[in-house]
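[1] Build me a model:
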Amino acid sequence: MKAMLLEEKGKWEQMKTGELKTPSPQKGEILVKVHAVGLNPVDYKTAANGNPGWSYPHVLGLDVAGTIEELGEGVTEWAKGDRVVYHGDMTKGGGFAEFAVTTAHTVSRIPDEISFKDAAALPTAGYTAYEALFRKLPLHTFKTILIQGGAGGVGGFAIQLAKNAGLEVFTTASSSNHDYVKSLGADHVIDYGSEDVKERVLELTNGRGVDAVLDTVSRQTSTEALDYIAYRGQLAHIAGAPDTSSLKPFTKVISFHEIALGAIHKADFESQKDLAAMGDEMLQLLKDGKIDSLLSETISLEEIPDALVRLSERHVKGKIVAVIAE
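    Have a look, this model is predicted:
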């Protein structure tokens, strides 16, 4: 099979296509013919340092949409030809290839109304946002939320999901992305380049602060959020835990939530099945027109390295998906 090959760690910008033996599904697994695969910052970030479990050449790519080509031993709930999407295990071979293997219990069925391209845009960013808002934060108790980095993949899905849940949505974005995040449902947009986020949040909330923050940016912005989260508020973070050393105990009683979607692949079987459940729920929202896939660009397999460079330079809005098979 043709695949985009990472020859050694750190060499992701120099990846080229080559031939690999098509993998075979083991017990409880399925072989998927890849139709589309989503690109994410985690691709180049993990490639930069490698993984002890990898052998080279390695294939990256976590967000795979395609059709089932072959069933492994014991798989009875799926059939050859079924349309599926999944979030892959980053310690194993990925979907920047014509075929990929995954566990049968973590995939979701793609409705006929949804294209492979739109489905492939969902998993890493969409499921991360979904897990933060509906698995970790008690969203039904909130009225307001601030999403740091609303123009990014996780931020874009989080804005839509939070707005669907009836929240007043605050977000940060560069001035060039204000119209974009407003189109996703943001009620208040703060220009992090020219405005003081803390001052603007407190001004807009009459000094109370927001009930929750989803930080997708950095440990620094997570730490800064402690100053504008309301009493008994909550912080979910995906890019570094806040430094709480300056937070006086027994004052704001803030709760913290670490979001690390990739860790679920090392959890127990029942926990792993939640990947399929989140996928099912996200696909239904997409089918019903309640969220957008954020798909902004489609590319070929050969164009993946250049697109990852653009991702690393933060020059991308929305989601990039590589089409492997029409």
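
[2] quick one, phi psi at the residue most central in space within the chain?
    With distances taken as CA atoms, centre = their mean, the residue of the chain nearest its centroid is residue 125 (1.5 Å). In terms of degrees, to the nearest 10, the main-chain angles of residue 125 are phi -70, psi -50.

[3] Quick check: the gap between residue 165 and residue 129.
    For residue 165, the distance to residue 129 (CB to CB, to the nearest Å) stands at 12 Å. Placement of C-beta: from N, CA and C, glycine included.

[4] the more surrounded of these two?
    Legend: neighbour count by other CB atoms under 10 Å for residue 165 and residue 129, higher for residue 129 (32 against 14).

[5] Who are the contact partners of that one?
    Neighbouring residues of residue 129 by CB atoms under 8 Å, 6 or more residues apart in numbering: 154, 155, 157, 158, 161, 214.

[6] pretty sure it belongs to a strand, no?
    No: assigned with DSSP: H, G, I helix; E, B strand; the rest coil, residue 129 falls outside any strand and is helix.

[7] Just the pLDDT for it.
    Model confidence at residue 129, given as pLDDT, is 98.

[8] Scan the protein for its longest helix.
    When the chain is parsed with DSSP state H, its longest helix is helix 269-287.

[9] elements contacting that helix?
    Applying 3 or more CB pairs under 8 Å, 6 or more residues apart in numbering; DSSP states H and E, one finds that helix 269-287 contacts strand 83-87, strand 108-109, helix 116-120, helix 128-131.

[10] Report the angle between that helix and strand 83-87.
    120 degrees (axes from the mean of the first three to the mean of the last three CA atoms, to 10 degrees).

[11] So what touches helix 269-287?
    By CB under 8 Å, 6+ apart, helix 269-287 touches 85-87, 103, 105-111, 113-114, 118-119, 122-123, 126-127, 130-131, 135, 161, 164, 264-265, 291-293.

[12] List only buried entries from these.
    85-87, 103, 105-110, 114, 118-119, 122-123, 126-127, 130-131, 161, 264-265, 291-293 (16 or more other CB atoms under 10 Å).

[13] Report how many residues lie close to residue 247.
    15.

[14] Pretty sure it sits in a strand.
    No: counting by three-state DSSP, residue 247 is not found in a strand; it is coil.

[15] check contacts around it.
    Shown in contact with residue 247 (CB under 8 Å, 6+ apart): 226, 254.

[16] and residue 227, helix, strand or coil?
    Secondary structure, three-state DSSP: residue 227 is coil.

[17] quick one, phi psi at it?
    Dihedral pair for residue 227: phi -80, psi -10, per degrees, to the nearest 10.

[18] swap in the one 5 residues further on?
    Backbone torsions for residue 232, taken as degrees, to the nearest 10, come to phi 60, psi 30.

[19] Please name the residues that touch it.
    Contact analysis of residue 232 by CB under 8 Å, 6+ apart lists 252, 253, 254, 255.

[20] Quick check: beta-bridge partners of the last one?
    Translated: residue 255. With DSSP bridges as the criterion, residue 255 is bridged to residue 234.

[21] quick one, which residue of the chain lies the farthest from its center?
    Outermost in the chain, CA atoms, centre = their mean: residue 250 at 33.8 Å.

[22] That one belongs to a strand?
    No: counting by three-state DSSP, one finds residue 250 to be coil, located in no strand.

[23] any idea how far it is from residue 229?
    Per CB to CB, residue 250 is found 15 Å from residue 229.
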